[in-house]
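Asks: Model the following, please.
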Amino acid sequence: MLSSGKGTLKIPLELFSLNRERLVNRLKENGNSGVVILQGGEEVSFYDTDTTYNVFRQESYFIWAFGVTEPGCYGAIDILSGVTILFIPRHPAEYAFWMGPLPTPSDFSTKYGISKVCYVDEIKEVIAGLKSSQILTLKGLNTDSHLTAKPARFPGIEEFKIDEESLFPVIADLRVYKTPLEIRVIKYVVAVSSYAHRRIMKMIKPGDWEYQAESEFLNICYKKGGCRHASYTCICGSGVNGAILHYGHAGAPNKSPIQDGVLCLFDMGANYFGYAADITCTFPANGKFTDDQRLIYEAVLKANFAVQKAAKPGVSWVDMHLLANRVMLKEMKTIGLLKGNLDDMIESGLAAIFQPHGLGHLMGLDVHDVGGYLASNPKRPEKLGLNKLRTARVLEANMVLTIEPGCYFIDPLLDKALQDEKLSQYLVPEVLERFRGFGGVRIEDDVLITENGVLNLTCVPRTVEEIEDWINNNQVDELKYQDSERLFVW
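Replies: Numbering: from 1, shown residues only. From the prediction side, this is the model:
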């Protein structure tokens, strides 16, 4: 079992052996043979110092297959026999002075349930002993980052026949469908993240600073759930900063004071042994929505709920995005921000002015998980708005995704739309002007696609009434994880 310690979720090693078994079976079905070689992550030095960037986090494909959290390792899986071999660094004696006792192959074998463990400097000899026809390495495009997965490399690999084509589409597709053991971990990290969001909603007040919300979230997730990592940089935008989609980065580091009367848009998710959560809560800093804030919030919430009700196996994610757009635009027309025919608005791409991102994304070992666009799946749509979708797949059971419609008032986009003859006909400028500087609303839930539809794993107050009641009253709140469909009581 792997865990962060007392009171945290214990992850059975079977989770990773099952993933290896799935991989071997799929490769065999495809007629592949040889040895799969995956290279784990390396610690990266902070420029020219002997200090590394943050706390090491393992490469996602590697942890999916082996569960190993230490840097500098390799793993091999013989396709025909299913035999797994782990390769670990051979550290010098001085390692023990600074880093603790020298780990042995036996230590790793016990920890990760892999019977054969060798040193990395033995990899060429050991692989040659398998007498395999070829090595399968990982190389393929991540369609979110547009970066390529790094194929394994070790001294002497050039002496083997290398297949860089067969592995990636298989392992990336397998990661899309979560096993029950993976779902259990995801439920846990979403539960921890939900609890932290609920605590932040009660703690943050006008006069606090955005960075304090980030600090408290990271502290709660680690202290209560053993989540040492966050899945991405925390987004803690207040007021107009809520309209910056990836606020919180180095150029805009959650550094503003939180004013009375503004909305807080906090997008934060913990990470547990690689598995991600990704939740966004939008709430009034002072605990009370203004009339305009309520109008926009409820438009986005209706879009979120509509998708949760409609999403199920066999449904296209593109259609879910369009459904969310339709619901939100209809509400914005009702409150006087827009005018004209709803179908025409959808066709024109108007929704992308207010929600320039896609409806959501696959989630697992990466917060924007792999497999969104593979050769066997629908291609990325080209139409405005739809071209930002991180996947266009048809939904299937055991996928985990985020549902995160949003509505933002972003001056450059609004100005562009007002000057566009096709788009400006739907806008009501005098009403739109009222929302300049408003910021934005995003409501993001982590959901599991089941045979019957959607299971929402997120547990935070969502309606206006629930949020105001939660912030302004003294309900007792505890972190209660259990293996059931509802993880928290609040």
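
Asks: Return the set of residues that bridge with I162.
Replies: I162 has the following beta-bridge partners by DSSP bridges: I135.

Asks: Now for it: which residues touch it?
Replies: When contacts are counted by Cβ atoms under 8 Å, 6 or more residues apart in numbering, I162 touches Q134, I135, T137, P151. Heads up, the C-betas are built off the backbone N, CA and C, glycines and all.

Asks: Mind doing that once more with 7 Å?
Replies: Residues in contact with I162 (Cβ atoms under 7 Å, 6 or more residues apart in numbering) are Q134, I135, T137.

Asks: quick one: buried residues of the helix or strand encompassing K302?
Replies: Following DSSP states H and E, one finds K302 within helix 291-310. By neighbour count with 16 or more other Cβ atoms under 10 Å, helix 291-310 contains the buried residues 293, 295-308.

Asks: How about stretch 404-412?
Replies: Within stretch 404-412, the residues that count as buried by 16+ other Cβ under 10 Å are E404, P405, G406, C407, Y408, F409, I410.

Asks: My read is that the fourth one contacts V441, right?
Replies: Pointing back at C407 there. Yes: counting by Cβ atoms under 7 Å, C407 touches V441, with 5.2 Å between them.

Asks: which residues are in contact with both of these two?
Replies: I296, V300.

Asks: contact partners of the helix holding K302?
Replies: Contacts of helix 291-310 (Cβ under 7 Å, 6+ apart): 263, 282, 284, 289, 320, 323-324, 327-328, 331-332, 335, 359, 403, 405-407, 434-435, 441, 443, 445, 447, 454, 456, 462-464.

Asks: go on, stretch 193-208?
Replies: Outside stretch 193-208, the residues that reach it (Cβ under 7 Å, 6+ apart) are 213, 216-217, 220-221, 224, 257-260, 264, 266, 268-270, 277, 279, 281, 283, 285-286, 458-460, 470-471, 477, 479, 488, 490.

Asks: Any regions of the chain where pLDDT drops low?
Replies: 480-490 (pLDDT under 70).

Asks: wait, what's in contact with the residue nearest in space to the middle of it?
Replies: Centroid-nearest residue in the chain, with Cα atoms, centre = their mean: V367, separated by 1.6 Å. By Cβ under 7 Å, 6+ apart, the residues touching V367 are S231, Y232, G269, A276, D278.

Asks: Quick check: the fourth one vs A96, distance?
Replies: A276 sits 34 Å away from A96, taking Cβ to Cβ, to the nearest Å as the criterion.

Asks: quick one, which of those two is more surrounded?
Replies: Using other Cβ atoms under 10 Å as the criterion, A276 and A96 rank with A276 on top: 28 against 12.

Asks: gap between the residue lying closest to the more buried one once chain neighbours are set aside and E430?
Replies: In space, and not counting its chain neighbours, A276 is closest to S231: 3.8 Å by Cβ to Cβ, 6 or more residues apart in numbering. Here the criterion is Cβ to Cβ. By it, S231 lies 41 Å from E430.

Asks: more neighbours, the two?
Replies: Neighbours per residue (other Cβ under 10 Å) separate S231 from E430, with S231 holding more: 24 against 8.

Asks: thinking that one is in contact with G269, fair?
Replies: Yes: S231 is in contact with G269 according to Cβ under 7 Å; the separation is 4.4 Å.

Asks: Overlap of the contact sets of those two?
Replies: Shared contacts of S231 and G269 (Cβ under 7 Å, 6+ apart): A276, A277, D278, V367.

Asks: Out of those, give me the two with the largest separation.
Replies: Based on Cβ to Cβ, the longest span within the shared contacts of S231 and G269 runs between A277 and V367 and measures 8.1 Å.

Asks: quick one: the helices in the stretch 301-450 of the chain?
Replies: 317-334, 342-348, 351-354, 411-418, 421-424, 429-433 (DSSP state H, counting those that start in this stretch).

Asks: Which one of the ones you listed lies nearest to N19?
Replies: Closest of the helices of the stretch 301-450 of the chain to N19 is helix 317-334, at 24.1 Å (criterion: Cβ to Cβ).

Asks: Packing partners of the closest one?
Replies: helix 291-310, helix 342-348, helix 351-354 (3 or more Cβ pairs under 7 Å, 6 or more residues apart in numbering; DSSP states H and E).

Asks: Could you dump those helices into JSON lines and include distance to E159?
Replies: Output for the helices and strands packed on helix 317-334, formatted as JSON lines (distance: least, Cβ to Cβ, whole Å):
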{"stretch": "helix 291-310", "distance to E159": "52"}
{"stretch": "helix 342-348", "distance to E159": "57"}
{"stretch": "helix 351-354", "distance to E159": "52"}
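
Asks: And those: which comes nearest V83?
Replies: V83 lies closest to helix 291-310 among the helices and strands packed on helix 317-334, at 43.7 Å (Cβ to Cβ).

Asks: Next, the angle helix 317-334 makes with the closest one.
Replies: Interaxial angle of helix 291-310 relative to helix 317-334 (axes from the mean of the first three to the mean of the last three Cα atoms, to 10 degrees): 150 degrees.

Asks: Pull the CA coordinates from helix 291-310 and hand them back as PDB.
Replies: What follows is helix 291-310 as a C-alpha-only set of coordinates in PDB (Å, rounded to 0.1, in the frame of the first residue of the first chain):
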ATOM      1  CA  ASP A 291     -28.300  41.500  -8.100                       C
ATOM      2  CA  ASP A 292     -26.000  41.600 -11.100                       C
ATOM      3  CA  GLN A 293     -23.700  39.000  -9.600                       C
ATOM      4  CA  ARG A 294     -26.600  36.700  -8.900                       C
ATOM      5  CA  LEU A 295     -27.900  37.100 -12.500                       C
ATOM      6  CA  ILE A 296     -24.500  36.000 -14.100                       C
ATOM      7  CA  TYR A 297     -23.900  33.300 -11.500                       C
ATOM      8  CA  GLU A 298     -27.200  31.700 -12.000                       C
ATOM      9  CA  ALA A 299     -26.800  31.800 -15.800                       C
ATOM     10  CA  VAL A 300     -23.600  29.800 -15.500                       C
ATOM     11  CA  LEU A 301     -25.000  27.500 -12.900                       C
ATOM     12  CA  LYS A 302     -27.900  26.600 -15.100                       C
ATOM     13  CA  ALA A 303     -25.400  25.800 -17.900                       C
ATOM     14  CA  ASN A 304     -23.500  23.500 -15.500                       C
ATOM     15  CA  PHE A 305     -26.600  21.700 -14.300                       C
ATOM     16  CA  ALA A 306     -27.900  21.300 -17.900                       C
ATOM     17  CA  VAL A 307     -24.700  19.500 -18.900                       C
ATOM     18  CA  GLN A 308     -24.700  17.300 -15.800                       C
ATOM     19  CA  LYS A 309     -28.300  16.200 -16.600                       C
ATOM     20  CA  ALA A 310     -27.600  15.500 -20.200                       C
END
